[in-house]
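Asks: The amino acid sequence is not available; the structure is as follows:
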């Protein structure tokens, strides 16, 4: 005969759900079968207040772009080029690869790039970004941004999930958890990648963490099937596939009703989404209906895997109701050479980024879409040399770097925040959590209320920090 303790151990959570007449499993099953008798009175996803935008396109430059070579023009830094950085400037500060600064005081490095003011706003851009400079009056610069970690993996994790520790939900996961998506035939959160390799941190940067896995980002390709193995195998007819999917769905529904496991509902949704995408997916990446003018504006080549193709694909995704599109472009880590390697990566992103902003504007999509451009951290005003090279780069810097945004209710042609004369410290500090809070705010989400209880605690994207950057908003 079982003791009381043994009986309690036997009555697990899963057994409770399977035996509860009106339990989680029954509610989920009724919802999937269209029975409204057990459905919630309110929709599952609702903004906290009227949203300013519908979509986000996040252009993530993995590796840490140098703001001094792109946006942050510092005449004083030019004046003191080659001079030793003052000890007071560096006291108490920590950098990646401290040994490069330990042998002798690091020297200040003025940029070798030519800067000019552009547009009516007079925003500064270097000669590396001639195309982005043409949309200066559509852009808001956010300068003096600071973050919490100077190593690539944890820093990428922090910008994308709000934590330096892997395992938290990504921004896109929080967004789709909060308000869902308008697209029925495509995922709400899509990830596109370009560059010589993937970003450090990999899939954890767009994962769902402790949220249900249905909210994680879905990586797409810009050529062939958007997702590997999306097409049916040769010899499998539509009727055979439909019968197989219906059988699998029935089995999953039965298990869902028994256990109430939310991951089974996610699996059902994934099967059904994949089936719908067999029609919507190929059409999505078919650029045949795009004009020659549009393709040339982006520098896109049908069937090719590139940042340019991904920018065009991002526009097509938000047109079709996808809520959050994130483009990762790698190769921005320039410790040893701010010359040709930086030229190359800027050439890859300059024209497509400008074309994306112009294209969204021409299609009346820019007002409802927030475009964000930035990396995990910036670069130091001091130079860095490696292995006695004659070339020079810059080290990681977390105290003052630059994002820019366009559309989505931000004030175009403005500069928010600020840095000191050497670009070392923020004069009006903006934290990465502030960027995240502002993004959520534009979507109608209060970052302090968008929470999920996990292991006895309510978690949120901005942890215990973050504030909306009111100066940035129109």
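Replies: Cool, the structure landed. Predicted, not measured: the structure shown is a model, and the values here were computed from it. Residues are numbered from 1 along each chain as shown.
Asks: Any stretches of the stretch 101-250 of the chain with poor pLDDT?
Replies: 101-103, 222-238, 240-245 (pLDDT under 70).
Asks: what about the strands in it?
Replies: Taking DSSP state E, counting those that start in this stretch as the test, the strands found in the stretch 101-250 of the chain are 115-118, 123-126, 139-146, 189-194, 218-220.
Asks: Next: the stretch 251-400 of the chain.
Replies: Taking DSSP E, counting those that start in this stretch as the criterion, the stretch 251-400 of the chain carries its strands at 324-329, 369-374, 378-384, 393-397.
Asks: Now distance to residue 143, mean pLDDT and mean neighbour count too, for those strands, in JSON lines please.
Replies: No exception for glycine: its C-beta is placed from N, CA and C like everyone else's. Converted to JSON lines, those look like this (distance: least, Cβ to Cβ, whole Å; pLDDT from 0 to 100; neighbours: other Cβ atoms under 10 Å):
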{"stretch": "strand 324-329", "distance to residue 143": "21", "mean pLDDT": "98", "mean neighbour count": "26"}
{"stretch": "strand 369-374", "distance to residue 143": "11", "mean pLDDT": "98", "mean neighbour count": "24"}
{"stretch": "strand 378-384", "distance to residue 143": "10", "mean pLDDT": "94", "mean neighbour count": "27"}
{"stretch": "strand 393-397", "distance to residue 143": "13", "mean pLDDT": "95", "mean neighbour count": "23"}
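Asks: Can you give me the buried ones in stretch 445-457?
Replies: By neighbour count, with 16 or more other Cβ atoms under 10 Å as the criterion, the buried positions of stretch 445-457 are 445, 446, 447, 450, 452.
Asks: Likewise for stretch 337-344?
Replies: Under the neighbour-count criterion of 16+ other Cβ under 10 Å, stretch 337-344 has 338, 341, 342 buried.
Asks: need the residues you listed in TSV with pLDDT and distance to residue 359, can you?
Replies: Listed next are the buried residues of stretch 337-344 as TSV, based on pLDDT from 0 to 100; distance: Cβ to Cβ, whole Å:
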residue	pLDDT	distance to residue 359
338	96	30
341	97	28
342	98	26
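Asks: Quick check: the closest residue to residue 195 other than its chain neighbours vs residue 306, distance?
Replies: Nearest residue to residue 195, sequence neighbours excluded (Cβ to Cβ, 6 or more residues apart in numbering): residue 330, at 3.3 Å. Residue 330 sits 13 Å away from residue 306, going by Cβ to Cβ, to the nearest Å.
Asks: between the two, what contacts are shared?
Replies: By Cβ atoms under 8 Å, 6 or more residues apart in numbering, residue 330 and residue 306 have these common neighbours: residue 194.
Asks: wait, isn't residue 167 in contact with residue 210?
Replies: Yes: assessed by Cβ atoms under 8 Å, residue 167 is found in contact with residue 210 at 7.3 Å.
Asks: that older thread, possible to save the buried residues of stretch 445-457 as TSV with pLDDT, secondary structure and distance to residue 381?
Replies: Supplementary listing: the buried residues of stretch 445-457 in TSV, determined by pLDDT from 0 to 100; DSSP: H, G, I helix; E, B strand; the rest coil; distance: Cβ to Cβ, whole Å:
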residue	pLDDT	secondary structure	distance to residue 381
445	97	coil	36
446	97	coil	37
447	97	coil	32
450	96	coil	36
452	94	strand	40
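Asks: Same list, those, but as JSON lines with distance to residue 419 please.
Replies: Rendered in JSON lines, the data for those read as follows (distance: Cβ to Cβ, whole Å):
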{"residue": "445", "distance to residue 419": "29"}
{"residue": "446", "distance to residue 419": "29"}
{"residue": "447", "distance to residue 419": "25"}
{"residue": "450", "distance to residue 419": "30"}
{"residue": "452", "distance to residue 419": "35"}
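Asks: now for those, which pair is the farthest apart?
Replies: Between all members of the buried residues of stretch 445-457, the longest pairwise span (Cβ to Cβ) is found for 446 and 452 and amounts to 14.2 Å.
Asks: before we move on, back to that, give me the subset of the buried residues of stretch 337-344 lying in helices.
Replies: When DSSP state H defines the helices, the subset of the buried residues of stretch 337-344 inside them is 341, 342.
Asks: Nearest to residue 127 among the buried residues of stretch 337-344?
Replies: Of all the buried residues of stretch 337-344, residue 127 sits closest to residue 342, with 11.5 Å by Cβ to Cβ.
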